[in-house]
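**Q** Sequence first, predicted model second:
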Amino acid sequence: MGVFTDHPHTAITEKINSIIETDLEPDIELPELINTIKLQYSGAIEAARAIRKKLKYGQSKEQFKSLDLLNAMVVNGGRQLEELYNDRKLLERLKLSATDPQINTKLRKKIIILAISWNENFSDKKYYQGIAGLKKQIPTKSYKRKKSTTETGSSSNFMNDEAYNSRSRTNTSQNVDPNVKYKIPKINLQKESPKIKLLIAEASQASINLSNSLKSVNVAKGETSTDNVKATQYFDKSRIIRRKILHYLQLVDSEEFLGSLIHANEELVQALQQYTEYAAKITSHDSDDESLSSYESG
């Protein structure tokens, strides 16, 4: 029996599954996916269903990539993806995944970070009501309070999941500390603070450099962003910096840095997407199968 039995399974589902299951970069594939969703009746509903299924049944890597793709769609989708942002079953799956103590701790934390970001950025837009309101349905304060009771006074233990699992360990000796099971790294925030501040500054400069370099791309003469050496160099550098930003977003829960990291990520995503749009201007007129794949491993 197929996962999508009795439900629409079109190019939207195929594209989402392909992005999540392979090494395709969500940011690179996003413009085509969003256009496909907008052109198809109930496309946003199908997209919500496909992502929900991957969050529920996918492997750990697929679950994380599902969240990356969902966030990219929320940030870039606009009003026409309103049904995605307010899909009841998708929101319920996010809520359950964020609060279930049996779920990978890093995955729960990522959902909480995204929920905070969506609330801060979209709570004033009515058509984002569902996704922006997710934060209020997730007991983030309770999560932090339980976590802090097991800390030794050092921020390096911020991922400790003792509070969630102490009750279940009294029932069975087979449960393993999630820090060990999932090999969750620890971070000394005091030690890492200078690095984070420097990275945020680098991210801001990288997104500005990339955006400015794209202004020199001569689209009228058929030039694309991939033809422009400087733009491509900034593109590669921005992607490297964004990976570091995403790494810290997985680890940091201090409000001192969380908002700045989220903002830095969004600026990079916007600049990276602009680069892909400039690349797509000619690929849509050219049958050449060459794509951005050569840059994805950079």
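**A** Looks like it came in fine. Residues are numbered from 1 along each chain as shown.

**Q** Look up how far residue 30 lies from the closest residue to residue 258 other than its chain neighbours.
**A** Leaving out its chain neighbours, the residue that sits closest to residue 258 by CB to CB, 6 or more residues apart in numbering is residue 252, at 6.0 Å. C-beta coordinates here come from the backbone N, C-alpha and C atoms, glycine included. Per CB to CB, to the nearest Å, residue 252 is found 25 Å from residue 30.

**Q** measure residue 60 to residue 268 for me?
**A** From residue 60 to residue 268 the distance is 24 Å (CB to CB).

**Q** ok, these two, which is more surrounded?
**A** residue 268 (23 against 12; other CB atoms under 10 Å).

**Q** Off-centre distance for stretch 113-121?
**A** The chain centroid and the centroid of stretch 113-121 are separated by 11 Å under CA atoms, centre = their mean, to the nearest Å.

**Q** wait, the residue nearest to residue 258 sits on residue 188?
**A** No: with contact defined as CB atoms under 8 Å, residue 252 does not count as touching residue 188 (11.3 Å).

**Q** ok, those two, which is more surrounded?
**A** residue 252 (22 against 12).

**Q** Give me the phi and psi for that one.
**A** Note on residue 252: backbone dihedrals following degrees, to the nearest 10 are phi -90, psi 130.

**Q** which residues does it contact?
**A** Neighbouring residues of residue 252 by CB atoms under 8 Å, 6 or more residues apart in numbering: 187, 189, 196, 258, 261.

**Q** for residue 15, same thing?
**A** Residues in contact with residue 15 (CB under 8 Å, 6+ apart) are 29, 32, 33, 36.

**Q** what about it, is that helix, strand or coil?
**A** Counting by DSSP: H, G, I helix; E, B strand; the rest coil, the backbone at residue 15 sits in helix.

**Q** Please report how far it lies from residue 50.
**A** 9 Å.

**Q** Also residue 213?
**A** Separation of residue 213 from residue 50 (CB to CB): 35 Å.

**Q** the domain parsing of the protein - what is it?
**A** The chain breaks down into these domains under the TED database: 11-136, 189-281.

**Q** The ones you listed into CSV, with extra columns for mean pLDDT?
**A** Converted to CSV, the domains of the chain look like this (pLDDT from 0 to 100):
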stretch, mean pLDDT
domain 11-136, 90
domain 189-281, 86
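
**Q** Can you tell me the closest non-neighbouring residue to residue 234?
**A** Residue nearest to residue 234 in three dimensions, not counting chain neighbours: residue 210, with 4.1 Å by CB to CB, 6+ apart.

**Q** and that neighbour, which of the three is it?
**A** Per three-state DSSP, the secondary structure class of residue 210 is helix.

**Q** Quick check: residue 202 touching residue 241?
**A** Yes: taking CB under 8 Å as the definition, residue 202 is a contact partner of residue 241 at 5.7 Å.

**Q** Neighbour count: the two, which is higher?
**A** For the pair residue 202 and residue 241, the greater number of neighbours falls to residue 241 (21 against 17), based on other CB under 10 Å.

**Q** In contact with the more buried one: list those residues for me.
**A** By CB under 8 Å, 6+ apart, the neighbours of residue 241 are 199, 202, 203, 206, 268.

**Q** and what of residue 278?
**A** Counting by CB under 8 Å, 6+ apart, the residues that residue 278 touches are 214, 217, 219, 224, 225, 231.

**Q** So which of those residues belong to helices?
**A** Filtering those for membership in helices, criterion DSSP state H, returns 214, 231.

**Q** Quick check: the farthest pair among the contacts of residue 278?
**A** Maximum pairwise distance in the contacts of residue 278, criterion CB to CB, is 11.9 Å, between 219 and 231.
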